[in-house]
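A.B. asks: Sharing a model prediction with you, sequence too.
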Amino acid sequence: MHHSMYFFFLSKIIMVINMNILITGSASGLGYNAGINLAREGYHVFLTTENDKQLEVLNDKVKNMDNIDTFKLDITNKNDLRKLEKKDIDILISNAAVGYGGSIIDIDTEKFRHSYEVNVLSNFELIKKVINKMIEKGNGKIIIMSSIISNIPIPFFGIYAGTKASITMTGKCLRKEIKAINKNIKVCIIEPGLYKTGFNRFMIENKYNEETIFKDFYDSIRNLENEILDFSAKKKYDSITKQIIKAVKEENPKEIYRAPMFQNLLIKLYIKFLKK
């Protein structure tokens, strides 16, 4: 009995050591933090950046860390995506995203298009490449980073929320499709709430300009948004990192993981009682 338990745990450790995790958009923030923690758990982690400047900074940050490799992976770049043909990926955490704030009727059309190009189309182009290789070898896991904002209409964040709602629904459908043909390939979704990564603050500030029909309301809107961010946004990433690690480790992951807990509760209450 003792020997069988020993070999069981030994096999689990060996399995972790041999697992390759690719995280896109991991120059900083949640992707970077998750990658560092997964490397400490024994996984071999590929951290990727959109451009060479970010890569240089990232390399400096991880130069003394074990189990981490880095490379440039702009998911909108076909040549960068070809790099994946030589990588054996066991788990993909699809995290790369851009965010623009502003009214749907005001936002520049190119920003509108770019949001969907990066957050939706390019993310699923990446997923298709990786998942087809997983189908060939018969196992793997796709973890799609969406957002809690995909569940609730927040004025002046409609473009970003729309891309994330699209990601969540497409991910749910993919989960069912893949389950029908191969139960050893898992698909799940992570929906982080508000964290102080700088990403939310950037979306708040990048939408304010004088050329808008909403300019008379912007001071009050900006003040309210900053108050909400200061009050609600979590400084530490621990709660969402735990959910990402759960999704990585669990043999049969849930459809959706959310954090922080209080924001998750608010979303559940909204969906149940207020959504119309």
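C.D. replies: Received it, and whenever you're ready, just let me know what you need.
A.B. asks: contacting residues around Asn95?
C.D. replies: Neighbour list for Asn95: Ile23, Thr24, Gly25, Ser26, Leu30, Gly31, Ala34, Met145 [criterion: C-beta atoms under 8 Å, 6 or more residues apart in numbering]. The C-beta positions use only the backbone N, C-alpha and C, and glycine is treated the same way.
A.B. asks: ok, of the residues you listed, which come out buried?
C.D. replies: Of the members of the contacts of Asn95, the ones counted as buried by neighbours, 16 or more other C-beta atoms under 10 Å, are Ile23, Thr24, Gly25, Ser26, Leu30, Gly31, Ala34, Met145.
A.B. asks: Mind checking which of the residues you listed are in helices?
C.D. replies: Leu30, Gly31, Ala34 (DSSP state H).
A.B. asks: Where does pLDDT dip in the stretch 151-276 of the chain?
C.D. replies: 198-210, 218, 222-233, 274-276 (pLDDT under 70).
A.B. asks: any chance you could map the helices in it?
C.D. replies: All helices of the stretch 151-276 of the chain, identified by DSSP state H, counting those that start in this stretch, fall at 158-181, 199-205, 218-232, 238-249, 261-269.
A.B. asks: what about the strands in the protein?
C.D. replies: Secondary structure of the chain by DSSP state E: the strands cover 20-23, 44-49, 68-72, 91-94, 140-145, 185-192, 256-259.
A.B. asks: Tell me which of those strands sits nearest to Lys164.
C.D. replies: strand 185-192 (8.0 Å; C-beta to C-beta).
A.B. asks: Need the residues that contact that closest one.
C.D. replies: Counting by C-beta under 8 Å, 6+ apart, residues outside strand 185-192 touching it are 30, 131, 134-135, 138-148, 150-151, 167-168, 171-172, 174-175, 178-179, 240, 243-244, 247, 252-259.
A.B. asks: just to revisit the earlier point, turn the buried ones among the contacts of Asn95 into JSON lines, columns for distance to Asp88 and pLDDT.
C.D. replies: Formatted as JSON lines, these follow (distance: C-beta to C-beta, whole Å; pLDDT from 0 to 100):
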{"residue": "Ile23", "distance to Asp88": "15", "pLDDT": "98"}
{"residue": "Thr24", "distance to Asp88": "16", "pLDDT": "98"}
{"residue": "Gly25", "distance to Asp88": "21", "pLDDT": "96"}
{"residue": "Ser26", "distance to Asp88": "18", "pLDDT": "96"}
{"residue": "Leu30", "distance to Asp88": "24", "pLDDT": "94"}
{"residue": "Gly31", "distance to Asp88": "20", "pLDDT": "96"}
{"residue": "Ala34", "distance to Asp88": "20", "pLDDT": "97"}
{"residue": "Met145", "distance to Asp88": "22", "pLDDT": "97"}
